[in-house]
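[1] Quick one, fold the following:
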Amino acid sequence: MLQGKPFIQAQQRRTWGVEGWGWERWAPIVARYLGEITLLDEQVGRLLAALDRLGLAENTMVVYTSDHGDLCGAHGMLDKHYVMYEDVVRVPLLVRWPGHAQTGLRSRAFVCHALDLAATFCAAAGVEPPTSFQGRSLLPLLTGVESTGRDSIYSTYHGSQFGLYSQRMVRDQRWKYVWNATAEDELYDLQADPGETDNRARDPACENDLTRLRARMIGWMEQTEDPLLNDWTRAQLLQGRKP
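    Just a heads-up that it's a prediction; the model follows:
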């Protein structure tokens, strides 16, 4: 399952003590995870019902989201560390605002909720956001405009309680590229391989997409003044200096 993946992913299994687990050991963990989600869903329902009962729904924007996901057994791992799989970086973002947000609307637009929600709250309140804000208001999305103007989304990781390990990710509608600064790169065709099991970074047929996404990664790191971008890492990305 982890063939062609960075070594640290297999190490995480060993660190957590889940290496070689079968479904009989994963099932109780998955069951508890689903139970917690069910409990949380019930409490959100109570909150929404109370807003309706008190006549406050139309004046209250309710946002349900998360800072990250959890592997919960996916790829044989737990938690969130050392990976940029969809299980971790693609999180729910649900909004209810009767009379303002379109009911039942679903969107595939790229949203960076850590930045965009602050800008959205300012727009909803009718105030100008601070000039330091980098996010984009989601109000156009909530009223049916199907774009945030982004053709890709990015993510970054710096390490955890298990040690430093830097990653950067860029994803468009089809491809995801993960730059592991000190390990093998990862490239996934999310259209053909939504489970991200086949690392295509070394596949000659994917060279053009790999080169394109590496260049896009450099542009983003320049824009964000990423301290990990320097003459050495720039050459590594541009020239493909990877095993």
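
[2] Nearest residue to the middle of the chain?
    V89 (2.1 Å; Cα atoms, centre = their mean).

[3] and it, how far is that from G69?
    For V89, the distance to G69 equals 7 Å [Cβ to Cβ, to the nearest Å]. (C-beta placed from N, C-alpha, C; glycine too.)

[4] okay, now the domains of this protein?
    1-107, 152-243 (automatic domain parsing).

[5] Quick check: which helices or strands does the longest helix along the chain pack against?
    What stands out as the longest helix in the chain, according to DSSP state H, is helix 23-53. Contact partners of helix 23-53 among helices and strands, from 3 or more Cβ pairs under 8 Å, 6 or more residues apart in numbering; DSSP states H and E: strand 62-65.

[6] Mind listing residues that contact the strand it packs on?
    44, 47-48, 51, 91-97, 113, 117 (Cβ atoms under 8 Å, 6 or more residues apart in numbering).

[7] Quick one: the strands in the chain, in order.
    62-65, 93-96, 153-160, 163-171, 175-180, 186-189 (DSSP state E).

[8] okay, the ones you listed, which one's buried deepest?
    strand 175-180 (a mean of 24; mean count of other Cβ atoms under 10 Å).

[9] what angle do it and strand 163-171 make?
    In terms of direction (axes from the mean of the first three to the mean of the last three Cα atoms, to 10 degrees), strand 175-180 departs from strand 163-171 by 160 degrees.

[10] With just CA atoms, put strand 175-180 into PDB.
    C-alpha atoms of strand 175-180 as PDB (Å, rounded to 0.1, in the frame of the first residue of the first chain):
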ATOM      1  CA  TRP A 175      -3.600  16.500 -10.000                       C
ATOM      2  CA  LYS A 176      -2.000  16.800  -6.500                       C
ATOM      3  CA  TYR A 177       1.700  17.300  -6.100                       C
ATOM      4  CA  VAL A 178       3.400  16.900  -2.700                       C
ATOM      5  CA  TRP A 179       7.000  18.200  -2.300                       C
ATOM      6  CA  ASN A 180       8.700  16.400   0.500                       C
END
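
[11] Quick check: can you name the pairing partners of it and their directions?
    Applying DSSP bridges to the sheet, strand 175-180 is found paired with strand 163-171 (antiparallel), strand 186-189 (antiparallel).

[12] In JSON lines, list those along with mean pLDDT.
    Below are the strands paired with strand 175-180 laid out as JSON lines (pLDDT from 0 to 100):
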{"stretch": "strand 163-171", "mean pLDDT": "94"}
{"stretch": "strand 186-189", "mean pLDDT": "98"}
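
[13] Many thanks, have a good one.
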